[in-house]
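# Predicted structure and sequence below. I'll ask about it afterward.
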Amino acid sequence: MSKPSLKSQATRGMFWSAIDKFAIRAVNFIIGIVLARMLLPEDYGIIGMLAIFIAISQTFIDSGLGSGLIQKKDRSDVDFSTVFVFNFFASTFFYVILYSIAPLIADFYKIPQLIPITRVLSLNIVINSLAIVQRSKLTINLDFKTLAKVNVIAVVVSGIGAVILAFLGWGVWALVSQILIRAIISVIAIWFFSKWKPSIKFSKKSFNALFGYGSKLLIAGIYAQTLNNIYNIAIGKAYCTGELGFYTRAKSFAELTSGTVTSILQQVTFPILASIQEERKRMISAYSRLIKMTAFFIFPTMTLLALLADPFVRILLGENWIPVIALLQWTSFARIVFPISALNMNILKAVGRSDLFLKVDLSKLPITILTMVITIPMGVKAIVIGHVITASISFFINAYMPGKLFGYGALSQLKDMIPVFIATTMMALIVFIINYYVDNSLFKLLFGGISGIVTYASMAYLLKIEEINEVKIIWNKLSKSL
């Protein structure tokens, strides 16, 4: 593939992936605001209690085989069919397990309602397994436009359905239905748009080859999902469903930006970096530019969200959700480095070093466990502050191996981010002053948001941050290629 062709595909891929992720987050944000005013924090807490079981089961189903298909150079139709067959039977197996242990989960939390909810919600695993291969194939082809169509259709339809059911008084079942409807619509749409149709072929040789690479990612995925959701179990068990509801809402709002950027980077950069993994100099150049561009956008955005969390929650969610404010502020700071860390881990996957990916991930376990032991007895706010500490330390751990392999580690990355730090600090100072002197929540949100954006853009221009020119170049290329 020629360089211009790769740049064009990368630009289009980033654009459509951004449309996909931001459109989904925007619709979910709007739907979430509507539902939050119709449902109780306890309803979100109940769904949060089951998050870890669903997430781990879903990780087992994918088993890293989807990533294996993307990373592999000489893929065959047998490879795709093998993964499809395995995913279907694995998903059915885990559904039976979750169905069987539903009473144990309900007994653990002392909430009988969890039995039917677990059994119905777990169907999501089987449904999603039917589209994993098609998604991997579209990702390999950098066809993020089709993925965007599928995801947007699914999230809009499921969101509307959830609002209608909440209005009719379905309570937590409105949230359950939203998840299932989205999965069903997504599978139907991706089968409609995708040209690939599965065959019932299973090759042990193909499975062993893909699983050899994907098994490390499987372990890392289970580990990551467990740590990401273990707090839900701890909060739900130690406190109450209401506290868990506040926590999950704060986490979802923080991920509105940071999670979206991380998702885009993981989806688009993996196949792109994998396609040029044999061109070391070119790959490192692309990698460093992605790091700087990510910091340019994510640092000011998450800082602004933290500073405006108070008026944001009061206006959009209402007085019933005031405890979310402090949690959202700390969670926003915890999520600042997540996209950067995702890139540092993604390059290890792209060059086929899933073994190093796993080692780096597991090396963070002692820090996470220690933080959990200290903060869980201290309350939900302490838990979120612990996230900030572990995320900061994890950045240096995640950047260590890329620094050793490619000469672009944590110190080099931080050095490149200094202008962004300065611009973000000036923006934060202006917004803090506005918050101090303005009492009205709506004015705080409007004036703080506008002033923050203008201040950051002005400082970026004065400091001659090169990412501004990069944005212009990307926009011009995008306009020509679309």
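Looks like it came in fine.

# From now on I want contacts and neighbour counts done on CA atoms only, so please keep to that.
Noted.

# export stretch 349-356 as CSV, just CAs?
Listed next in CSV are the C-alpha coordinates belonging to stretch 349-356 (Å, rounded to 0.1, in the frame of the first residue of the first chain):
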residue,chain,number,x,y,z
LYS,A,349,-0.6,-5.3,19.9
ALA,A,350,0.1,-3.9,16.5
VAL,A,351,3.7,-5.3,16.3
GLY,A,352,2.4,-8.7,17.5
ARG,A,353,3.8,-8.5,21.1
SER,A,354,0.7,-9.6,22.9
ASP,A,355,3.0,-11.2,25.4
LEU,A,356,4.5,-7.8,26.4
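
# For residue 356, give its distance to residue 315.
Between residue 356 and residue 315 the computed distance is 45 Å (Cα to Cα, to the nearest Å).

# which one of the two has more residues nearby?
It is residue 356, of residue 356 and residue 315, that has more neighbours when counted by other Cα atoms under 10 Å, with 17 against 12.

# pretty sure the more buried one contacts residue 348?
Yes: here residue 356 lies in contact with residue 348, judged by Cα atoms under 8 Å, at a distance of 6.9 Å.

# got any ranges where the stretch 351-482 of the chain has weak pLDDT?
Low-confidence regions of the stretch 351-482 of the chain, defined by pLDDT under 70, span residues 354, 470-482.

# same question, the stretch 101-250 of the chain
In the stretch 101-250 of the chain the weaker segments, taking pLDDT under 70 as the threshold, are 213-217, 228.

# Recalculate using a threshold of 80.
Low-confidence segments of the stretch 101-250 of the chain, defined by pLDDT under 80, are located at 139-144, 195-200, 208-242, 244.

# where do the helices sit along it?
Assigned by DSSP state H, counting those that start in this stretch, the helices in the stretch 101-250 of the chain fall at 114-121, 123-129, 132-140, 144-167, 172-193, 204-238, 241-254.

# could these go into a markdown table alongside mean neighbour count and distance to residue 85?
Shown next, in a markdown table, are the helices of the stretch 101-250 of the chain (neighbours: other Cα atoms under 10 Å; distance: least, Cα to Cα, whole Å):
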| stretch | mean neighbour count | distance to residue 85 |
| --- | --- | --- |
| helix 114-121 | 20 | 22 |
| helix 123-129 | 22 | 9 |
| helix 132-140 | 21 | 10 |
| helix 144-167 | 20 | 22 |
| helix 172-193 | 20 | 16 |
| helix 204-238 | 19 | 10 |
| helix 241-254 | 23 | 33 |
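
# Please convert those helices to a markdown table, extending it with distance to residue 322.
Listed next are the helices of the stretch 101-250 of the chain as a markdown table, based on distance: least, Cα to Cα, whole Å:
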| stretch | distance to residue 322 |
| --- | --- |
| helix 114-121 | 27 |
| helix 123-129 | 32 |
| helix 132-140 | 39 |
| helix 144-167 | 22 |
| helix 172-193 | 21 |
| helix 204-238 | 18 |
| helix 241-254 | 9 |
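
# quick one, which of the ones you listed is nearest to residue 82?
Across the helices of the stretch 101-250 of the chain, residue 82 has its closest neighbour in helix 204-238 (6.5 Å, Cα to Cα).

# Mind giving me the packing neighbours of the closest one?
Here helix 204-238 touches helix 41-62, helix 65-71, helix 77-109, helix 241-254, helix 354-363, going by 3 or more Cα pairs under 8 Å, 6 or more residues apart in numbering; DSSP states H and E.

# Okay, angle between that helix and helix 77-109 too, please.
For the pair helix 204-238 and helix 77-109, the angle between their directions (axes from the mean of the first three to the mean of the last three Cα atoms, to 10 degrees) equals 20 degrees.

# got the angle between helix 204-238 and helix 41-62?
Our comparison of helix 204-238 with helix 41-62, counting by the same axes, to 10 degrees, yields an angle of 160 degrees.

# Distance from helix 204-238 to the middle of the chain?
The chain centroid and the centroid of helix 204-238 are separated by 15 Å, computed with Cα atoms, centre = their mean, to the nearest Å.

# re the thing from before, how about the helices and strands packed on helix 204-238, which one is nearest residue 173?
When the helices and strands packed on helix 204-238 are ranked by proximity to residue 173 (Cα to Cα), helix 41-62 comes first, at 8.6 Å.

# on contacts alone, who are the packing partners of that closest one?
Identification of packing neighbours for helix 41-62 by 3+ Cα pairs under 8 Å, 6+ apart yields helix 77-109, helix 123-129, helix 172-193, helix 204-238, helix 241-254.

# Can you say which of those is nearest to residue 41?
Checking the helices and strands packed on helix 41-62 against residue 41 by Cα to Cα gives helix 241-254 as the closest, at 4.6 Å.

# Keeping just the C-alphas, turn the closest one into PDB.
As requested, C-alpha coordinates have been extracted for helix 241-254 and formatted as PDB (Å, rounded to 0.1, in the frame of the first residue of the first chain):
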ATOM      1  CA  THR A 241     -27.600   0.700  44.900                       C
ATOM      2  CA  GLY A 242     -28.100   4.400  45.000                       C
ATOM      3  CA  GLU A 243     -24.300   5.000  45.700                       C
ATOM      4  CA  LEU A 244     -23.500   2.700  42.800                       C
ATOM      5  CA  GLY A 245     -25.900   4.600  40.600                       C
ATOM      6  CA  PHE A 246     -24.100   7.900  41.400                       C
ATOM      7  CA  TYR A 247     -20.800   6.200  40.600                       C
ATOM      8  CA  THR A 248     -21.800   4.700  37.300                       C
ATOM      9  CA  ARG A 249     -23.400   8.000  36.200                       C
ATOM     10  CA  ALA A 250     -20.200   9.900  37.000                       C
ATOM     11  CA  LYS A 251     -18.100   7.300  35.200                       C
ATOM     12  CA  SER A 252     -20.300   7.300  32.100                       C
ATOM     13  CA  PHE A 253     -20.100  11.100  31.800                       C
ATOM     14  CA  ALA A 254     -16.300  11.100  32.200                       C
END
